[in-house]
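J.: Here is my input, please return the structure:
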Amino acid sequence: MTLTRCAWAGDDPIYQAYHDTEWGVPEYNSRALWEKLVLDGFQAGLSWITILKKRDNFRAAFANFDPNIVATWGEDDITRLLANPGIIRHRGKIAATITNAQAWQKIEAEQGFDRFLWDYVDGAPLQTHRATMADVPGFTPLSTQISKDLKKAGFKFCGPTIVYAFMQACGLVNDHIMTCHRHAPLTKP
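T.: Next up is the predicted model:
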């Protein structure tokens, strides 16, 4: 039996596995949410498959995305990461990851990063009913608001488009098209 997937999953087994097991599945763990936001920031200007193929390298380079460790890093760590061919070597994105870890710590201490994000959708994924990928927006008023609030909290590389991709990936919004085999299962509480 052939599964119907969102068109972006294509024929690449890595993309298909990500689509079928991770994308759109609600993520409630604060650390995992931070990791996904960081990776979406690194993806800016690149294809997501590039990030997926390097994800294990990113995890190794960034202390398994432990924001409490990354928040303590400085210029020596940026220099070390810029020399790592296994990740995207972009000074601004690397520096932003450290800044974002520090911002994460503040939100986590005040209310929990998970709660901060999930409160925008009242704790449950927004359910969309999109017929085709052409119906899926690049950003929404909500992603624009979350982006503004993240920036106000000190985050970088988190514009409305990045935030919307993050919302889709973390299941804050179910943007699997209606004919996709993952749409219906992700509509259930």
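J.: If you count contacts, what does the one helix or strand W34 maps to end up packed against?
T.: Assessed by DSSP states H and E, W34 sits inside helix 30-43. On a contact count with 3 or more Cβ pairs under 8 Å, 6 or more residues apart in numbering; DSSP states H and E, helix 30-43 meets helix 48-61, helix 91-110, helix 113-118, helix 160-169. In this view, the C-beta of every residue, glycine as well, is placed from N, C-alpha and C.
J.: again, only using 10 Å
T.: Judged by 3 or more Cβ pairs under 10 Å, 6 or more residues apart in numbering; DSSP states H and E, the packing partners of helix 30-43 are helix 48-61, helix 67-70, helix 91-110, helix 113-118, helix 160-169.
J.: next SSE after the second one?
T.: Which is helix 67-70. helix 75-82.
J.: What are the buried residues along that following helix?
T.: Within helix 75-82, the residues scored as buried using 16 or more other Cβ atoms under 10 Å are 77, 81.
J.: about what we covered before: so for D11, which of the helices and strands packed on helix 30-43 sits nearest?
T.: Across the helices and strands packed on helix 30-43, D11 has its closest neighbour in helix 48-61 (11.6 Å, Cβ to Cβ).
J.: Tell me the gap between the closest one and the middle of its chain.
T.: Distance of helix 48-61 from its chain centroid, counting by Cα atoms, centre = their mean, to the nearest Å, is 13 Å.
J.: residue contacts, V173?
T.: 24, 121, 125-128, 136, 140, 142-143, 164, 166-167 (Cβ atoms under 10 Å, 6 or more residues apart in numbering).
J.: Generate a ChimeraX selection restricted to the buried subset of those residues.
T.: Those of those that count as buried under 16+ other Cβ under 10 Å are selected in ChimeraX with:
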select :24,121,125,128,136,140,142,143,164,166,167
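J.: Just put the contacts of V173 in CSV and tack on distance to G86.
T.: Shown next, in CSV, are these (distance: Cβ to Cβ, whole Å):
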residue, distance to G86
G24, 27
V121, 34
P125, 33
L126, 35
Q127, 37
T128, 35
V136, 31
T140, 33
L142, 34
S143, 30
Y164, 27
F166, 22
M167, 27
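J.: Show me the contacts of V173 that map onto helices.
T.: The members of those that map onto helices under DSSP state H are 142-143, 164, 166-167.
J.: For those, work out which two are farthest apart.
T.: So, the ones in helices among the contacts of V173 by Cβ to Cβ: farthest apart are L142 and F166, at 11.8 Å.
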